[in-house]
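Trainee: one predicted model, sequence on top.
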Amino acid sequence: MTALTAPLAALGATVLAILATTGRITLFAADAVSHILRPPFYTRALLIQLVQIGWLSLPVVGLTALFTGGALALQIYAGGARFSAEEVVPSIVAIGMARELGPVLGGLMVAARVASSIAAEIGTMKVTEQIDALVTLSTNPMKYLTVPRILAATLAMPVLVGVGDAIGIMGGYLVGINRLDFNAAAYLRNTVDFLEFWDVGSGLVKGAVFGFLVALMGCYHGMNSGRGAEGVGAATKAAVVSASVLILAANYLLTELFFAA
């Protein structure tokens, strides 16, 4: 191999590795989805994951949305003041939170909390041979470990996004009336008048997709974790990074699909 072809070989190896990983993740996702509608159904495991992923993620999602809504109101007011358009603050805060910031920031916060937790939990089970024990007991690990987490995240994320949207709009409202001297009734009226159903609905659809991606990445990297503490740590890091990148990429694709002219 010459000095000229070595960089090309390295680039080719990287591309092949990316394609191979993409193929493995796609097959893993297809296998997980195929098990969702086939018995047995582990309802108790699903309910536990709904609490772990949904209810226990609410504080961090709510706080993130609250401060984001307040900061967004300040930024829009400062920018709108340059064009004497301060009155657009309520409508832009509501639309921005519902369409973009609510689902994206909520998804990233859940990815940081949930994808890492899932990868660490399943990776530890693999290291300690608990997954092998499930197979010995004729329990499908995909059915028992992966499906409840993916289904719970897909169902819980739209609810978290909806609650986050409401809290974020409330954060903008509090800043608007207390810091920017908006009339409370006028602020609420502008919010309601300009916020349309699909603004909220598109964010909820994004939330479901993001929840699926978060749980998928956590389960995939956990199931494919290396041996030992180092392998579990690497799987946890990879789960968070990959889930975050996929959320941002999926957000662009969904926005292009929903709102492209």
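Mentor: Everything's here; your move. Everything numeric in this text was worked out from a predicted model, so none of it was measured.

Trainee: show me where the chain has helices.
Mentor: 5-36, 43-49, 58-80, 89-96, 102-110, 116-127, 130-136, 141, 147-178, 184-194, 197-223, 228-259 (DSSP state H).

Trainee: which of those sits most buried?
Mentor: helix 102-110 (a mean of 26; mean count of other C-beta atoms under 10 Å). Where C-beta positions appear, they are placed from N, C-alpha and C, glycine not excepted.

Trainee: then it to CSV, C-alphas only?
Mentor: Only the C-alpha atoms of helix 102-110 are listed here, as CSV (Å, rounded to 0.1, in the frame of the first residue of the first chain):
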residue,chain,number,x,y,z
GLY,A,102,-40.0,21.3,23.2
PRO,A,103,-39.4,18.0,21.3
VAL,A,104,-35.7,18.5,20.6
LEU,A,105,-34.6,19.6,24.0
GLY,A,106,-36.9,17.1,25.7
GLY,A,107,-35.5,14.4,23.5
LEU,A,108,-31.9,15.3,24.2
MET,A,109,-32.5,15.5,28.0
VAL,A,110,-34.3,12.1,27.9
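
Trainee: so that helix versus helix 197-223, what angle?
Mentor: On the basis of axes from the mean of the first three to the mean of the last three C-alpha atoms, to 10 degrees, helix 102-110 is oriented at 20 degrees to helix 197-223.

Trainee: residues making contact with helix 102-110?
Mentor: By C-beta atoms under 8 Å, 6 or more residues apart in numbering, the surrounding residues in contact with helix 102-110 are 53, 57, 60-61, 64-65, 68, 153, 157, 160-161, 164-165, 168, 203-204, 206-207, 210-211, 213-214, 244, 247-248, 251.

Trainee: for that helix, what is the distance to the chain centroid?
Mentor: A distance of 5 Å separates the centroid of the chain from that of helix 102-110, by C-alpha atoms, centre = their mean, to the nearest Å.

Trainee: distance of F28 relative to A215?
Mentor: Plainly put, F28 is 12 Å away from A215 if you go by C-beta to C-beta, to the nearest Å.

Trainee: what's the overlap in contacts for these two?
Mentor: Counting by C-beta under 8 Å, 6+ apart, no residue touches both F28 and A215.

Trainee: would you list the helices of the chain in a markdown table and tack on mean pLDDT?
Mentor: Formatted as a markdown table, those follow (pLDDT from 0 to 100):
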| stretch | mean pLDDT |
| --- | --- |
| helix 5-36 | 86 |
| helix 43-49 | 93 |
| helix 58-80 | 92 |
| helix 89-96 | 91 |
| helix 102-110 | 94 |
| helix 116-127 | 91 |
| helix 130-136 | 87 |
| helix 141 | 87 |
| helix 147-178 | 94 |
| helix 184-194 | 88 |
| helix 197-223 | 94 |
| helix 228-259 | 92 |
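
Trainee: residues in contact with the nearest residue to G218 once chain neighbours are set aside?
Mentor: Closest residue to G218 apart from its sequence neighbours, by C-beta to C-beta, 6 or more residues apart in numbering: I118 at 3.0 Å. I118 sits next to 149, 215, 218-219, 222, 239 when contact means C-beta under 8 Å, 6+ apart.

Trainee: looking at the residues you listed, spot the one nearest R24.
Mentor: C219 (12.6 Å; C-beta to C-beta).

Trainee: pretty sure that closest one contacts Y144?
Mentor: No: between C219 and Y144 there is no contact under C-beta atoms under 8 Å: 11.4 Å.

Trainee: what's L195 sitting at in phi/psi?
Mentor: phi -90, psi 120 (degrees, to the nearest 10).
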